[in-house]
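In: need a 3D model of the sequence below.
(one chain, ligands or ions: 2)
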Amino acid sequence: MASCVAQTRLAGCRQAAAPRRMRLQRGVVRAAATVEPRKRPEYVPNRIDDPNYVRIFDTTLRDGEQSPGATLTSKEKLEIAKKLSQLGVDIIEAGFPIASPDDFEAVRSIAMEVGNAVHDDGYVPVICGLSRTRPQDLDRAWDAVRHAKLPRVHTFIATSEIHMKYKLHMTPEQVVDNAVTAVKHLRSLGCTDIEFSPEDAGRSDPVFLYEILAEVIKAGATTLNIPDTTGWTLPHEFQGLIAKIKANTPGAENVIISTHCQNDLGLSTANSLAGAMGGARQIECTINGIGERAGNASLEEVVMAIALRGKEQLGGLYTGVRPVHIATASKMVSDYSGMIVQPHKAIVGANAFAHESGIHQDGMLKNRDTYEIMSPETIGLARADEAGIVLGKHSGRNALDTRLKQLGFDLPKEQLNEVFKRFKNLADHKKNVTDDDVLALVTDEVHQPAVVWVLEDLQVVCGSMGVPTATVRMRGPDGISRVTSGIGTGPVDAAYKAIDSLVRVQAELVDYSVNSVTEGIEALANTRVVIRPSGKMAGEGYVDSYKGGKTQRSFSGSGADEDIVVSSARAYISALNKMIGYIGAKSASDAAAVSTSSMDAAAEVAA
Ligand SMILES: CC(=O)SCCNC(=O)CCNC(=O)[C@H](O)C(C)(C)COP(=O)(O)OP(=O)(O)OC[C@H]1O[C@@H](n2cnc3c(N)ncnc32)[C@H](O)[C@@H]1OP(=O)(O)O
Ligand SMILES: CC(C)C(=O)C(=O)O
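Out: Ligands and ions are numbered 1, 2, ... in the order given. The predicted structure follows:
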């Protein structure tokens, strides 16, 4: 017989996730190594003054958001765009403005804010919006990006036989006509940085590609992006395709050729690099490789391959990206999108710098270059002891703040105080507070949607005897704290039932996962949930228009705590807050209905 009582800030009932394999502390021996970006050439849409410079076009916010299950709020998109600017990508594809009012607003605010925040060295990212060839799409896209210092519109139409015949119901002549008219339309609006993509180029007739591309160049396109939309091609084929397009398309020498490689055969990074060897000087990619179906070329893989092997093996290619921000960008995208990074993912996976077996560990202890082709510091994973700061029970605010700044987080005082409080609680139970722990706490405190409901306390009674019961105390939107209880099939279910009865919105749990942040029984638990409106709330207003009006919108949330039930509750409340915030953004009357029912429920409980 077993039973337990778990309380916030008490360690009881902790179902710690499986301890991780032993790993060596990273960066202990080796001095911090950084890959310093070289000065980027001045931005001119259709020309790059250095033949070896490759533009990095990030499409995390557009193709990345097309990942099944990923949904980003406008605020999250803005935060990610700021991070991409810090990372130094040349172009940010911020969204598909015609897709929904939300998407339009997100692209517009990124254009206004990030697209005008010029860095000290004069760099500012180009802000791009995607558009079909339809005039209303083009107008909307231009409207969304035009306030950026460097605005771009990216228009596309499919050119493979199968797409033209079955999807578009157009003849090749109609497709060429649509493409040319679209480019001319953009020119007439005043847009001078125009990207054109022949969708499904990887399966299109190359001769038809030369023809349509020559026509859009004449009409005024400045970048020709060659998408391998279905991830069909092999690296040597894709390299050949790019080289042939450059050689056979009249006017190709006056524009930039770009790659956009999907990952259906796991070849997107290889194909992108092969494309660059074929003469492409823009590579489209996403953080963590997220994207439609199996995803897109992963920015961190492309950038690090060029940084490490560009000089020797890729004819001297280089990019303007600052790899030291890769780790924080990866974490932010994973947290916001709910798309967990697999542990063995190249560059950014949890195991990417972990060494498991004896022979490897022996080699690493003798010389880290035996098994590491890059140091973790290169991508921003500097270790605490490198900086001379060991975070623990006796650390103060200054040490925590300094470490956070080294990790890329400059928190305002209030947020720092909140993180510090939780750091101290953790340090009371955990001997070594690692960077991963600190990052989990920051994510939990800072990367949260606008707070509507706050968890104040939680207690669960569970075990093999009796009914699992949870009691929660939560502060509502009116600032009043209320307490209620719920029963469930297990402690997490009971906690969620109690939360539901206070918040009173109907939501279905679609996905739930828990990971330990570090190894050991005292590890922080990191929970991620995905929820969807259900019951009466599953109506029209909550349908995800971005995904073509066909799927129900979902909301992800994450939470971290030493206590697995508390971490689960925090994740659920974060997703609920996001859902309530979205409802508020969609319709003021709906929002009022939600908060009234939330408050009514709370008042009933209080009474
Ligand atoms: C390869 C890519 O990743 S392309 C980008 C894909 N991204 C997205 O689709 C996400 C955003 N999409 C959406 O929100 C919606 O699909 C919208 C708002 C764009 C359009 O919604 P709807 O008007 O309901 O159209 P729906 O999605 O059902 O069908 C697409 C229509 O666009 C047409 N179309 C597709 N590509 C193009 C193009 N490049 N230029 C012109 N028309 C096109 C299709 O033929 C179809 O037309 P039809 O309705 O006359 O048959
Ligand atoms: C819009 C284009 C570039 C695209 O995403 C694709 O073809 O995969």
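In: name the residues of the stretch 151-300 of the chain found near ligand 2, please.
Out: Neighbours of ligand 2 within the stretch 151-300 of the chain, by C-beta under 6 Å from any ligand atom: 156, 197, 199, 225, 227, 229, 260, 262. Every residue, glycine included, has its C-beta placed from N, CA and C.
In: in what helix or strand does the second one lie?
Out: This means residue 197. Using DSSP states H and E, residue 197 sits within strand 194-199.
In: wait, isn't residue 198 in contact with residue 159?
Out: Yes: contact criterion C-beta atoms under 8 Å: residue 198 and residue 159 qualify, at 3.8 Å.
In: what is in contact with these two at once?
Out: Residues touching both residue 198 and residue 159 (C-beta atoms under 8 Å, 6 or more residues apart in numbering) are 204, 209, 212.
In: low pLDDT regions in the chain?
Out: Along the chain, segments meeting pLDDT under 70 span 1-36, 382-389, 431, 447-451, 518-519, 538-552, 583-607.
In: quick one, domains of it?
Out: If you go by the TED database, the domain ranges for the chain are 55-337, 358-443, 454-594.
In: tabulate the ones you listed (TSV), appending mean neighbour count and distance to residue 38.
Out: What follows is the domains of the chain, written out as TSV (neighbours: other C-beta atoms under 10 Å; distance: least, C-beta to C-beta, whole Å):
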stretch	mean neighbour count	distance to residue 38
domain 55-337	21	5
domain 358-443	17	15
domain 454-594	19	36
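In: need those in TSV with distance to residue 44, can you?
Out: Formatted as TSV, the domains of the chain follow (distance: least, C-beta to C-beta, whole Å):
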stretch	distance to residue 44
domain 55-337	9
domain 358-443	30
domain 454-594	33
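In: now do the helices in the stretch 351-500 of the chain.
Out: Ranges of helices within the stretch 351-500 of the chain are 358-366, 397-406, 413-429, 435-446, 491-503, based on DSSP state H, counting those that start in this stretch.
In: against which helices or strands is the fourth one packed?
Out: In other words, helix 435-446. helix 326-337, helix 397-406, helix 413-429, strand 555-561 (3 or more C-beta pairs under 8 Å, 6 or more residues apart in numbering; DSSP states H and E).
In: what angle do that helix and helix 413-429 make?
Out: If you take axes from the mean of the first three to the mean of the last three C-alpha atoms, to 10 degrees, helix 435-446 sits at 140 degrees to helix 413-429.
In: the inter-axis angle of helix 435-446 versus helix 397-406?
Out: With the same axes, to 10 degrees as the basis, helix 435-446 and helix 397-406 are set at 90 degrees to each other.
In: for residue 70, see how far away the spatially closest residue to residue 66 that is not a sequence neighbour is.
Out: Excluding the flanking residues, the one nearest residue 66 by C-beta to C-beta, 6 or more residues apart in numbering is residue 292, at 4.3 Å. To residue 70, residue 292 is 10 Å away according to C-beta to C-beta, to the nearest Å.
In: can you tell me the SS state at residue 224?
Out: State at residue 224, reduced to three classes by DSSP: H, G, I helix; E, B strand; the rest coil: strand.
In: just put the residues of the stretch 151-300 of the chain next to ligand 2 in a markdown table and tack on distance to residue 375.
Out: Converted to a markdown table, these look like this (distance: C-beta to C-beta, whole Å):
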| residue | distance to residue 375 |
| --- | --- |
| 156 | 39 |
| 197 | 37 |
| 199 | 40 |
| 225 | 34 |
| 227 | 34 |
| 229 | 36 |
| 260 | 31 |
| 262 | 31 |
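In: so which of the residues you listed also contact ligand 1?
Out: Near ligand 1, judged by C-beta under 6 Å from any ligand atom, the entries from those are 156, 199, 229.
In: give me the distance between residue 314 and residue 329.
Out: Using C-beta to C-beta, one obtains 23 Å as the distance from residue 314 to residue 329.
In: also residue 469?
Out: Counting by C-beta to C-beta, the gap from residue 469 to residue 329 is 42 Å.
In: so what does the nearest residue to residue 350 once chain neighbours are set aside have for phi and psi?
Out: Ranked by C-beta to C-beta, 6+ apart and with sequence neighbours excluded, the top spatial neighbour of residue 350 is residue 343, at 4.5 Å. Per-residue torsions, residue 343: phi -60, psi -30 (degrees, to the nearest 10).
In: and what of the one 10 residues further on?
Out: Note on residue 353: backbone dihedrals following degrees, to the nearest 10 are phi -120, psi 20.
In: test my guess that it contacts residue 368.
Out: No: Residue 353 is beyond contact range of residue 368, at 9.7 Å (criterion: C-beta under 8 Å).
In: that older thread, who are the packing partners of the strand holding residue 197?
Out: So strand 194-199, by 3+ C-beta pairs under 8 Å, 6+ apart, packs with strand 151-158, helix 172-189, helix 206-219, strand 223-228.
In: what about the third one, near ligand 1?
Out: The reference is to helix 206-219. No: remark: helix 206-219 sits outside contact range of ligand 1, by C-beta under 6 Å from any ligand atom, the gap being at least 12.4 Å.
In: just checking, what packs against that helix?
Out: If you count contacts as 3+ C-beta pairs under 8 Å, 6+ apart, helix 206-219 packs onto helix 172-189, strand 194-199, strand 223-228, helix 235-248.
In: angle of the last one against strand 223-228?
Out: Looking back up the chat, that one is helix 235-248. Following the same axes, to 10 degrees, one obtains 150 degrees for the angle between helix 235-248 and strand 223-228.
In: roughly how far out does helix 235-248 sit from the chain middle?
Out: 31 Å (C-alpha atoms, centre = their mean, to the nearest Å).
In: which residues touch the residue nearest to residue 183 when sequence neighbours are not counted?
Out: Excluding the flanking residues, the one nearest residue 183 by C-beta to C-beta, 6+ apart is residue 219, at 3.9 Å. Going by C-beta under 8 Å, 6+ apart, residue 219 touches 179, 180, 183, 184, 187.
In: go again with 6 Å.
Out: Residues counted as contacts of residue 219 (C-beta atoms under 6 Å, 6 or more residues apart in numbering) are 180, 183, 184.
In: between helix 326-337 and the lengthiest helix in the chain, find me the angle.
Out: In terms of residue count, the longest helix belonging to the chain (DSSP state H) is helix 564-586. Helix 564-586 and helix 326-337 meet at an angle of 70 degrees, taking the same axes, to 10 degrees as the criterion.
In: which strands or helices does helix 564-586 pack on?
Out: Using 3 or more C-beta pairs under 6 Å, 6 or more residues apart in numbering; DSSP states H and E, the elements in contact with helix 564-586 are strand 454-463, helix 491-503, strand 525-533, strand 555-561, helix 588-606.
In: same thing but 7 Å
Out: Identification of packing neighbours for helix 564-586 by 3 or more C-beta pairs under 7 Å, 6 or more residues apart in numbering; DSSP states H and E yields strand 454-463, helix 491-503, strand 507-516, strand 525-533, strand 555-561, helix 588-606.
In: quick one: which of these is nearest residue 87?
Out: strand 555-561 (21.5 Å; C-beta to C-beta).
In: nearest residue to residue 51 other than its sequence neighbours?
Out: Once flanking residues are discounted, residue 51 sits nearest to residue 281: 7.9 Å by C-beta to C-beta, 6+ apart.
In: ok, now which ones touch that neighbour?
Out: Residue 281 makes contacts with 48, 53, 54, 55, 256, 257, as judged by C-beta atoms under 7 Å, 6 or more residues apart in numbering.
In: where's residue 320, which helix or strand?
Out: Under the criterion DSSP H and E, no helix or strand holds residue 320.
In: and the spatially closest residue to residue 116 that is not a sequence neighbour, its phi and psi?
Out: The shortest distance from residue 116 to any non-neighbouring residue, by C-beta to C-beta, 6+ apart, is to residue 149 (5.4 Å). Main-chain torsions, residue 149, degrees, to the nearest 10: phi -60, psi -40.
In: tell me who's in contact with residue 149.
Out: 115, 116, 118, 124.
In: which of those sits closest to residue 168?
Out: When those are ranked by distance to residue 168 (C-beta to C-beta), residue 115 comes first, at 31.7 Å.
In: now the closest one. Nearest residue, chain neighbours left out?
Out: Among residues not flanking residue 115 along the chain, residue 148 sits closest, at 2.8 Å (C-beta to C-beta, 6+ apart).
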